[in-house]
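*Asks:* sequence? don't have it. structure:
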């Protein structure tokens, strides 16, 4: 049986980055991935600047992967049966377009360079946890032992289920997405939109989600999302995607080009307090396995990277300390404290901003996007995580007392008051 300090299941950005951080600190790490590396992942395909900061990657040095700087964002709103575009341009890149297969693999290779062992095409069959160790069995009959286990294996986490941390997400906690990413070439993409290299967003009030159209260098990425609770025989995700193609035809962004097959993906998104465990004795969950995607845009890579960084710090403390039960419990609890401090405020303000798209507030929001360029820029800063979310929301509400008052009347009075003073 091969023995490790830490075994990580799932070689996406969360798992691979955790493997890198721990291996870099001299720990013996095994990274298990059920699919062959590189593997693709349905995704909008852009990362915010914080991701590169955590990875310590300089964009000018990354000429071996697709990394398209994003300077603009576009929001399309339907007004009087016609779609109108409202854009914002920034002086510096607010995000970068990527191909997930390349991006994810690069982090895996970074982990390997730091000393981590990687084993792909290795689905996990069973996990046994005792007081002293964790034993993992894969589909080839091999056993691996470690002191700590990290579940970075996505929305339907085997680790979460096998260890009893969590069973399945509830339908109203899940968002379904479908994506088509097609290599059309830069020249073709430039002809299809006035906003080449800019993510273009479209709200779907019916499904409480949004759709996107993104010309990413040679690639066209089209996708849409819907809350699972609203997905039914009367309105399916595929139907929403086809409706979105009709919208793109209407604004001359799509003329029947052959698109790559649609791929599906789902992830957990919460409204209100987070109510699940993210750890138990010798086991941690990170990234989508823990349900850390943001509840505003569904951004998953940055929270995944942040949770990987925080779990690595926590595990380092565990591995250098005594095995006494009372000490271990306190250190394991630190992980939850750390991620709530790093991400909790963002989820809270995501709850607020999602209300912008409700029937009660959306008319005010549309007017502000259309007429107030400062508000519009703040909105895109919020979407692309440019700055402190508390500061951004506060500035947005200061632009519109009517919006602030309606939010206060929709259950956010104490939070709005903390931002603006007494309401």
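*Replies:* Noted; the coordinates are in hand. None of the values given here were measured: they were computed from a predicted structure.
*Asks:* what residues does stretch 269-277 touch?
*Replies:* For stretch 269-277, the external contacting residues (C-beta atoms under 8 Å, 6 or more residues apart in numbering) are 165-166, 173-175, 290-291, 293-295, 298, 340, 344, 347, 351, 354. C-beta here means a position set from N, CA and C on the backbone, and glycine is covered the same way.
*Asks:* what comes up buried for it?
*Replies:* 269, 270, 274 (16 or more other C-beta atoms under 10 Å).
*Asks:* Could you do stretch 254-273 as well?
*Replies:* 254, 262, 265, 266, 267, 268, 269, 270.
*Asks:* which one is the one residue sitting closest to the centre of the chain nearest to, not counting chain neighbours?
*Replies:* Closest residue to the average C-alpha location of the chain: residue 300 at 0.9 Å, with C-alpha atoms, centre = their mean. Spatial nearest neighbour of residue 300, chain neighbours left out: residue 293 (4.2 Å); criterion: C-beta to C-beta, 6 or more residues apart in numbering.
*Asks:* Hmm, that neighbour is touching residue 265, no?
*Replies:* No: in this structure, residue 293 is not within contact of residue 265 by C-beta atoms under 8 Å, at 10.5 Å.
*Asks:* Give the residues shared as contacts by those two.
*Replies:* By C-beta under 8 Å, 6+ apart, no residue touches both residue 293 and residue 265.
*Asks:* mind giving me the domain split of the chain?
*Replies:* 2-45+99-166+276-320, 71-94+171-268, 350-420 (automatic domain parsing).
*Asks:* show me the contacts for the residue nearest to the centre of the chain.
*Replies:* Going by C-beta under 8 Å, 6+ apart, residue 300 touches 43, 267, 287, 288, 292, 293, 294.
*Asks:* May I ask which of these has the most neighbours?
*Replies:* Highest neighbour count within the contacts of residue 300, by other C-beta atoms under 10 Å: residue 287, with 32 neighbours.
*Asks:* what sits against it?
*Replies:* Here residue 287 is in contact with 10, 12, 13, 14, 15, 152, 154, 300, 303, 304, 307, 308 (criterion: C-beta under 8 Å, 6+ apart).
*Asks:* Please repeat the previous calculation with a cut-off of 7 Å.
*Replies:* The contact partners of residue 287, taken as C-beta atoms under 7 Å, 6 or more residues apart in numbering, are 12, 14, 152, 300, 304, 307.
*Asks:* Any of the residues you listed buried? List them.
*Replies:* By 16+ other C-beta under 10 Å, the contacts of residue 287 give 12, 14, 152, 300, 304, 307 as buried.
*Asks:* following the strand or helix carrying the fifth one, which helix or strand comes up?
*Replies:* The reference is to residue 304. Using DSSP states H and E, residue 304 falls within helix 301-319. Counting by DSSP H and E, the next helix or strand C-terminal to helix 301-319 is helix 325-354.
*Asks:* helices and strands around that following helix, which ones?
*Replies:* strand 279-280, helix 301-319, helix 389-399 (3 or more C-beta pairs under 7 Å, 6 or more residues apart in numbering; DSSP states H and E).
*Asks:* Okay, now the sheet partners of the first one, with direction.
*Replies:* Taking DSSP bridges as the criterion, strand 279-280 forms sheet pairs with strand 283-285 (antiparallel).
*Asks:* Name the residues that touch the strand it pairs with?
*Replies:* By C-beta under 7 Å, 6+ apart, strand 283-285 touches 129, 149-151, 157, 159-160, 163, 165, 278-279, 311, 335.
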